[in-house]
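Asker: sequence first, predicted coordinates after that:
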Amino acid sequence: MPKVTIDDRTIEVERGTNLVDAATEAGVQIPHYCYHPRLSVVGQCRMCLVQIDGMPKLQAGCSTQVMKDGMVVRTDSPEVREAQKGMMEFFLINHPLDCPICDQAGECGLQDYAFKHGQAFSRFQYEDKRTYPGRERIPLGPNVVLNMNRCIQCTRCVRFTREVSQTGELGFFNRGARTEIGTFPGKPLDGPLASNVVDICPVGALTSTRFRFAERVWYLDKRPSLCTGCDVGCNVTLEHRRGQIRRYKPRANPEVNDFWMCDYGRSSFERYYELPRLAAPRVRRDDRVVPASWSHALEAVHQALAGGGRTAILGSGNLTTEEAWLLARLAEAAGPAAGTQAGETPAVELPLAVEQGPRWTIPNPSGGITGSGDTTPNRRGAELAGFSTAAAEGLLTGTATGYDVLFVADSDFGSPAHDEAAVERLRGTARFLVVMGWAETPLARAADVVLPVATHAEREGTFVNVEHRLQRFETAFPPPAQVRPATDALTDLLAFWDEGWRGARVADVFARMAAAVPALAGIEFEELPAQGVALATGGAVGAGAGPSGGSATVHTAEPPAGA
Amino acid sequence: MSERESRRPTPVVGSPVGGVGTSDGYGEPWPAQSPGVPVLDEASRRRVEELVGRYPDKRAALIPVLHIAQRRCGGWLPDYAIAEVAAALELTPADVYGVVTFYDLFHQKPVGRHRIRVCTNLSCQLRGSDEVMAVLRQELGVDEGDVTPDGRCSYVHFECLGSCDTAPMMMIDDTYHENLTPERVREIVKGLT
Amino acid sequence: MAFEPVLTRNVGQPEARTVAGYKKRGGYAGLAQALKMQPDEVTDAVKASGLRGRGGAGFPTGMKWSFIPKDPDKPKYLVCNADESEPGTFKDRLLMEHDPHQLIEGCAICCYAVGAATCYIYIRGEYTAALATMEQAIRDAYDNGILGRSVMGSGFSLDLFMHAGAGAYICGEETGMLESLEGKRGQPRVKPPFPAIIGAFGAPTVINNVETLANVPHILERGADWFKSIGTDERNTGPKLYAISGHVERPGTYEYPIGVPFRTLLDGCGGVWRGRSLKAYIPGGASAAILPGEQFLDLPMDFDSVAKAGSMLGSAAVMVMDETTCLVRAVARLSKFFNHESCGQCTPCREGTNWMELLLTRIEKGQGREQDAALLSNICTHIAGNSLCALGDAAVGPVKSLVETFLEEIDEHVRLGHCPLPPQPVFEGASH
């Protein structure tokens, strides 16, 4: 690999690496707007100009590749600084200087670089700024709004629709100083990937219809999470203000969603605010269901399960792998044939309800990843724990009845939970109904015991996506006072049988699960790489077949300018 | 050293075959612009096919095809014409629109039956193109870029048309009119039908 | 020694527009000669002649051809740049309208030398008459076995097509032209890769100007030594077309040996018009620095001498301005042109050319400030060398010379609060 020296730091990079990426590897930031690692290199913004020994002129870092040993680059010479100052001035002469009322403020590439490379005064005093009357608030499609006055003509959005989503709705129109972006009449930007152009827009020209002016971005706390819209498992940054989720933004993972995610997934968190919330445990007393303490509610569930009757635990694809595995342990503990070995089919049934919806495709470097149509993120994790969709058919169609206990692990597992007739049918299958979940649904209202648990943002754990990649996500914020993460509730419940479960953290649960499930052998929760681990499918994982994603390097080339 | 000059003789005006992009196959300009009627008739479709065959990539025929479409639409390119050309060459309309708006010879709004382009770049400016523009304003009674009420003419200033030796000059449709004087401009404009 | 016109020998001879007539006048001898040689020998002959590109940059033509990979499997292209749009330039139009076969012959020789089987002549869309003449000549050439399956019976196959642009100066930039040829917006590409490696349709491509290719048949026919005997020195060889416009008595295209003094050009076209005196001239089109007339009267008009004088020969478009010309107004007009023609993709050119036009227009109106000249000069610094293609540098050319050489004109506008040389009517009182 050729060596390159950037600001006196010499590193080896892969042949053909461009200077912006090489500098990032060397720990040097080269400012840029038009360059994006997944879009064609156009060298337009001229912000990444650098000095290269032996070259008479400054060169664009994005379009200069390291091909052989010995390239010496300066990103901080007086000439480079002067050029950067000049470019910043060119960007700003025709850009509105109204950051306080701009929605991009706080995450704007122009603000950031103006602060770092610009100057505090304007020499553009006697001329009028270029404006685009009537083009300040143009809906390009249902989810994206254009303010042409703020555009810096970097064409990232145009290239995205041409090269990544391959829908080509956006074009670069007119010429010279009047150049603008837009759509053709009657062909709006309405593809499933449309909102990604908002993320890659380095300035406030493209904003999200849902998010714009809803929140100041500096008030947002950002946590790494996973999208729950389908089983692609897009990596997201969950942005919330005091426990109110404001938006999902894609988090780069070249193995899954790369830099992108779909618009459906972006809005998937809105479900947490559309349904009423289960606020406290409830227990049936005579004909009424009344609020109860957690210990009281868990005791009631324990008693029902310990009765040794016929039991089914209905899982859902919304469960984390850890939650599903704990439920399977519960089945084991409650099962009449005590002493069933881990990994064997427990005596208690573990049906799994998964609904089908649209199949989303997210482009990535290996060509893309397509969901199976699941509307939930973790069917494969639940299956790994022992749940089975085949077992759910009888239960959901009402042909299987006569259960003593039915434990529904997700009050929002699918449409039957919201349908009065289906709820009645489900209720009729069992003598005793336990419903766990975050959402108040007709199903929850029919239960004998209700266990209110955390939403996706309030818990941690792992999902296994459509390509059998195990990915971990973090707790974004704690659940409300009376609500507990499902893993906590389940370990406490399991402690009725085995005191060793008490106080187990999710990492402990994962460790016990990894020891028992062959596909997870050797994987550690805390050490799970940022892009996840590809699990061997089918048979057991052999000794040599370690997690394939684990050795890959973490992708850090996230562009600073709004990407 | 006694160099012999070879000065350019009479300019070639109104040459035997005219027409941008080709010398045949455009068909007559098509003044009736109604959506629903294909912009490219059968003759022009055959011409498009021939043009496409000249290049290893279909899209390379785009600019010549847009010239044909513009002729068929009376000198400008309505959105439906752009959409039709895009479909014919398997491109997105936004892409084609980007091309249309890039080039000065393509128009996105109606123009006069006769399109007058006056070169006003430096060589023509030095020899009186401002006065030519003023005469046109006076003769046609409309502003630059507007169409006369009878739909006869529209005029615009234009960048260098490569006829600086015969400045000032203007291009009307496909024909260069050179060595202009105010009188000559008046005469020419009056002759336009 | 009298100089016999070479490139313009067929101007005004309508018979030269047919294959038969062109042949009768000695045409297609160069192509016949080339086809008897090995392709490399043809390139070597052009190299030996010292021919430099006549489009503006003056790059050695033979060397350009030799950059084309020899790999016989790849398709290769010649794209002839007939997008003559530099203000002040009109020589290529003359060549195409009057001597189309000279260009066809030059194209054919080039294609043979580099192994290209297809040639596109990218002509600006405004040149309708030249286009029609060329298309007729091409048909005639196909009918007479000059083009097609076997060029002049040699077995070498060549297709040649005209391709009309649609009005954009930037399509004269070679990669902008390739984009336009491919049916896109004419936005120049990032270089490298250079067109010789990845050009039209991703294939190796030679791009030569019309006048450059028009020279080629004569080099083949009469030899590199003959060609080198014309001109200033071994770096500036051959005949050259000078397009003279502006305030002269007889503007036009004039052919001279390259390196003729400006004074000879001026005398040849009857001197400054209306008995006025010379103020300044632009030696090489709108992108070139303006030179003060008297000081550079005897400047040899070749690539190196004009560069030494701080300007450039470019396309040899000579624009002459008399004593009544306001140079601020002239440069403001050129800035308006560059602002209009900037493709808009790169920041310094898109924003800088726009700013320069606004500033110059304001100064010309008498609303300039004292600091404006320094500001203009600083904007030039920020554009020059930093833009994606050469248009940024081109836009800087005239502005920089205004600020550096004719600063007193800006100062006078600022001091007076109005233009000291308001435009005079051209036609009023003038005899025609």
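Answerer: It's in.

Asker: show me where chain B has strands.
Answerer: Ranges of strands in chain B, per DSSP state E, are B:114-119, B:153-158, B:170-172, B:175-177.

Asker: show me how far the third one is from its chain's centre.
Answerer: Its chain's C-alpha centre lies 9 Å from the corresponding centre of strand B:170-172 when counted by Cα atoms, centre = their mean, to the nearest Å.

Asker: what sits closest to residue A:482 if chain neighbours are left out?
Answerer: The shortest distance from residue A:482 to any non-neighbouring residue, by Cβ to Cβ, 6 or more residues apart in numbering or on different chains, is to residue A:280 (4.1 Å). To be clear about C-beta, it is placed using only N, CA and C from the backbone, and glycine gets the same treatment.

Asker: quick one: the strands of chain B as JSON lines, columns for distance to residue A:11 too.
Answerer: Listed next are the strands of chain B as JSON lines, based on distance: least, Cβ to Cβ, whole Å:
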{"stretch": "strand B:114-119", "distance to residue A:11": "55"}
{"stretch": "strand B:153-158", "distance to residue A:11": "53"}
{"stretch": "strand B:170-172", "distance to residue A:11": "58"}
{"stretch": "strand B:175-177", "distance to residue A:11": "60"}
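
Asker: closest one to chain A among these?
Answerer: Smallest distance to chain A across the strands of chain B (Cβ to the nearest Cβ): 14.4 Å, for strand B:153-158.

Asker: now for the closest one, which elements pack on it?
Answerer: Using 3 or more Cβ pairs under 8 Å, 6 or more residues apart in numbering or on different chains; DSSP states H and E, the elements in contact with strand B:153-158 are strand B:114-119, helix B:129-140.

Asker: buried deepest among the ones you listed, which one?
Answerer: strand B:114-119 (a mean of 23; mean count of other Cβ atoms under 10 Å in any protein chain shown).

Asker: CA atoms of that one as CSV?
Answerer: Only the C-alpha atoms of strand B:114-119 are listed here, as CSV (Å, rounded to 0.1, in the frame of the first residue of the first chain):
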residue,chain,number,x,y,z
HIS,B,114,-39.3,34.5,-36.0
ARG,B,115,-36.7,34.3,-33.4
ILE,B,116,-34.2,37.2,-33.5
ARG,B,117,-30.9,36.9,-31.7
VAL,B,118,-28.7,39.9,-31.6
CYS,B,119,-25.0,39.4,-30.9
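
Asker: and the angle for it with helix B:129-140?
Answerer: 160 degrees (axes from the mean of the first three to the mean of the last three Cα atoms, to 10 degrees).

Asker: save the helices and strands packed on strand B:153-158 as a markdown table, and put in mean pLDDT and distance to chain A too.
Answerer: Below are these laid out as a markdown table (pLDDT from 0 to 100; distance: least, Cβ to the nearest Cβ, whole Å):
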| stretch | mean pLDDT | distance to chain A |
| --- | --- | --- |
| strand B:114-119 | 97 | 17 |
| helix B:129-140 | 97 | 21 |
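
Asker: of all the ones you listed, which one is nearest chain C?
Answerer: Of all those, helix B:129-140 comes closest under Cβ to the nearest Cβ, at 5.7 Å.

Asker: for chain A, what lies in contact range of chain C?
Answerer: Proximity of chain A to chain C, by Cβ under 8 Å from any Cβ of the partner chain, involves residues A:41-47, A:49, A:57-58, A:60, A:63, A:82-83, A:86-87, A:89-91, A:93-94, A:123-124, A:126-127, A:130, A:152-153, A:155, A:172, A:174-179.

Asker: circling back: surely the residue nearest to residue A:482 meets residue A:289?
Answerer: No - using Cβ atoms under 8 Å, residue A:280 is not in contact with residue A:289; the gap is 11.3 Å.

Asker: quick check: mean pLDDT across stretch A:116-131?
Answerer: Mean pLDDT, computed over stretch A:116-131, is 91.

Asker: compute the first-to-last residue distance for that stretch.
Answerer: End-to-end distance for stretch A:116-131, by Cα to Cα, to the nearest Å: 26 Å.

Asker: using neighbour counts, pick out the buried residues of it.
Answerer: Neighbour counts over stretch A:116-131 (16 or more other Cβ atoms under 10 Å in any protein chain shown) mark A:117-118, A:123-124 as buried.

Asker: what does that stretch rub up against?
Answerer: For stretch A:116-131, contacts defined as Cβ atoms under 8 Å, 6 or more residues apart in numbering or on different chains pick out A:31, A:81, A:84-85, A:87-89, A:92-97, A:149, A:177-178, C:354-355, C:358-359, C:362, C:367, C:369, C:375.

Asker: swap in stretch A:190-199?
Answerer: A:140-144, A:156-157, A:160-161, A:164-165, A:167, A:169-170, A:189, A:206-208, A:249-250, A:259-264, A:266, A:360-363, A:562-563.

Asker: re earlier: need the helices and strands packed on strand B:153-158 in CSV (columns: distance to residue A:254).
Answerer: Below are these laid out as CSV (distance: least, Cβ to Cβ, whole Å):
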stretch, distance to residue A:254
strand B:114-119, 52
helix B:129-140, 58
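
Asker: show me the shaky parts of chain B.
Answerer: B:1-36 (pLDDT under 70).

Asker: tally of neighbours for residue 329?
Answerer: Chain wasn't specified; assuming chain A. Using other Cβ atoms under 10 Å in any protein chain shown, residue A:329 has 24 neighbouring residues.

Asker: try again with chain C
Answerer: 22.

Asker: neighbours of the nearest residue to residue A:51 once chain neighbours are set aside, how many?
Answerer: Nearest non-adjacent residue to residue A:51, counting by Cβ to Cβ, 6+ apart: residue A:74, 4.4 Å away. Counted with other Cβ under 10 Å, residues neighbouring residue A:74 total 18.

Asker: over to residue A:498?
Answerer: Using other Cβ under 10 Å, residue A:498 has 11 neighbouring residues.

Asker: what's the pLDDT at it?
Answerer: So residue A:498 comes in at 94 (pLDDT).

Asker: got phi/psi on the nearest residue to it once chain neighbours are set aside?
Answerer: Excluding the flanking residues, the one nearest residue A:498 by Cβ to Cβ, 6+ apart is residue A:333, at 7.3 Å. Backbone torsions of residue A:333, given as degrees, to the nearest 10, read phi -60, psi -40.

Asker: got it, and residue C:320?
Answerer: According to degrees, to the nearest 10, residue C:320 has phi -100, psi 130.

Asker: quick check, pLDDT for the spatially closest residue to it that is not a sequence neighbour.
Answerer: Closest residue in space to residue C:320, ignoring its immediate chain neighbours: residue C:246 at 4.1 Å, by Cβ to Cβ, 6+ apart. On the pLDDT scale, residue C:246 is placed at 97.

Asker: for residue A:559, same thing?
Answerer: So residue A:559 comes in at 39 (pLDDT).
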